[in-house]
Structures are given as C-alpha cells and as structure tokens.
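A.B. asks: return atomic coordinates for the entry below.
(chains A and B)
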Amino acid sequence: DSGVTQTPKHLITATGQRVTLRCSPRSGDLSVYWYQQSLDQGLQFLIQYYNGEERAKGNILERFSAQQFPDLHSELNLSSLELGDSALYFCASSVARGVNTGELFFGEGSRLTVL
Amino acid sequence: EDQVTQSPEALRLQEGESSSLNCSYTVSGLRGLFWYRQDPGKGPEFLFTLYSAGEEKEKERLKATLTKKESFLHITAPKPEDSATYLCAVQRRLGTSGSRLTFGEGTQLTVNP
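C.D. replies: The predicted structure follows:
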C-alpha cells in the first residue's frame, strides 16, 4: 500500500459526459502528479501540483483540468469525454521535502471506460 | 523531446535464469533515471534512482546500472514473484519548474517456476 488513495477505482460513462477523479496523497506529501496510462501510449505525464500551485504541465488536453485543494487532495476533471479517453488514470505523490524528486508513490489508479 | 526506449518488450525466463533489461534514453540534461515495477492492475512501485554514469544500485535480486546513453536492470536468479512490468523513466533538469518523468513502455517479465 503506497498510501495514495484514488477514487473511484472504476468508472464507466458515455461520450460527451464529464467525470471527476479524486486523489488523496500520502500524509505530508505536498506534490501531486497525474498520469494517464493507455495500452498504446504507456504512462503519459499530465500535470503536477505542489502545495496548491500548478508546477508542471504535460500533454494535458484542454478538456481536462485539475486542481489541488488546501488539504492537499487533488481532483482531475475530464469533460466532453471521447472514446480515446478510456485509460487508467494514476495519481502519485512525492515526499514533502523533494519538490523535484522522481521518486513517486503511485495510487492504484482509476480505470475510466468511455462507451 | 525526451525519449525512453525499453527492450525487449517482453521477456520470459525460467526460475534462476539471469538476464538484463535495457533502457535507452535521450534527454536534454539528465537529472535522474528511475526504475519502477508495475504489477497487473496496480500503480507503479519505485525501485531505484540513478543520477550519474557509472552509478549502480542493488535491491535483492535486482541491480540497476547507468551509462551516458542507457541503463540496465540486471535480474539475478529470478523467482516467479519477480514477474511484473518494469518501467524506466527519465527526469530532465527543469530547475524549480517541475518534476515530470518521461516513461518508457516497459518490459513485461514473466518468470516460470
């Protein structure tokens, strides 16, 4: 158990809909990261927050947005869903003292299926 | 753009049969190279960080090494519980602007008893 909690574990929805994925980082970790893992593209970095502020951005679609709240939990919002958005979405957190550490602790992921 | 290529895509070993996984990378200013293990239906689990060419790290039956262009994950006398997908990732020197990792697509290792 990494200590990172993601909900929901599974989500099935229709094209055009909007969903919110939630992540609670390990206790004390200030950085939260979101990654997308699909069969044909592997793990792709979406976005990083550090203590409530956006720190780095990857190839995140404009239809996707994220935020980190004062209690450090984070939410990833996916809107106008398309079939190609079906994937595993992972949240990760890193030790509080390492803003730029690559040692990440991943949650078990949220599996999104868009029909 | 940072690139990470892992080979082979899949590897099947007999228990006790040692082998190596390869990770070739291209990155503008490497800050660190990372190895993760991912079990089916789970998130990746951190294994090692390597920072400079010549560095080596060991953990149980695993040993990671780093050169200027590639990294190897050596598996000595593997056991069935070592079966997993092994992911390599690189981190570029971005200063204080973030900590993005670029992952390879992984090597799926199966160790048969």
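A.B. asks: what ranges do the strands span in the chain?
C.D. replies: Since you didn't name a chain, this refers to chain A. For chain A, strands defined by DSSP state E occupy the ranges A:5-7, A:10-13, A:19-24, A:31-38, A:42-50, A:53-57, A:64-68, A:74-78, A:87-94, A:104-106, A:110-114.
A.B. asks: wrong one, I was asking about chain B
C.D. replies: Going by DSSP E, chain B shows strands at B:3-7, B:10-14, B:19-26, B:30-38, B:45-50, B:56-59, B:62-66, B:70-75, B:84-92, B:101-103, B:107-112.
A.B. asks: what's the closest of those to A:Phe45?
C.D. replies: With Cβ to Cβ as the measure, strand B:101-103 is the member of the strands of chain B nearest A:Phe45 (6.3 Å). In this view, the C-beta of every residue, glycine as well, is placed from N, C-alpha and C.
A.B. asks: for chain B, give me the ranges with low pLDDT.
C.D. replies: Scanning chain B for pLDDT under 70 picks out the ranges B:93-99.
A.B. asks: who in it is up against chain A?
C.D. replies: B:31-32, B:34, B:41-46, B:49, B:87, B:89, B:91, B:94, B:96-106 (Cβ under 8 Å from any Cβ of the partner chain).
A.B. asks: please list only the buried members of the residues you listed.
C.D. replies: Among the residues of chain B next to chain A, those buried by neighbour count (16 or more other Cβ atoms under 10 Å in any protein chain shown) are B:31-32, B:34, B:42-46, B:49, B:87, B:89, B:91, B:98-106.
A.B. asks: can I get the strands of chain B in a markdown table including distance to A:Phe105?
C.D. replies: Output for those, formatted as a markdown table (distance: least, Cβ to Cβ, whole Å):
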| stretch | distance to A:Phe105 |
| --- | --- |
| strand B:3-7 | 20 |
| strand B:10-14 | 26 |
| strand B:19-26 | 21 |
| strand B:30-38 | 11 |
| strand B:45-50 | 7 |
| strand B:56-59 | 16 |
| strand B:62-66 | 19 |
| strand B:70-75 | 20 |
| strand B:84-92 | 14 |
| strand B:101-103 | 13 |
| strand B:107-112 | 22 |
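A.B. asks: output the set of residues of chain A in proximity to chain B.
C.D. replies: Checking chain A against chain B by Cβ under 8 Å from any Cβ, the hits are A:2, A:4, A:31, A:33, A:42-45, A:48, A:55-58, A:90, A:92, A:94, A:99-109.
A.B. asks: rerun that using 7 Å as the cut-off
C.D. replies: A:2, A:31, A:42-43, A:45, A:48, A:55-56, A:58, A:90, A:94, A:99-104, A:106-109 (Cβ under 7 Å from any Cβ of the partner chain).
A.B. asks: A:Ser38: neighbour count?
C.D. replies: 14 (other Cβ atoms under 10 Å in any protein chain shown).
A.B. asks: residue of chain A closest to chain B, please.
C.D. replies: Scanning chain A for proximity to chain B using Cβ to the nearest Cβ identifies A:Ala56 as nearest, at 2.4 Å.
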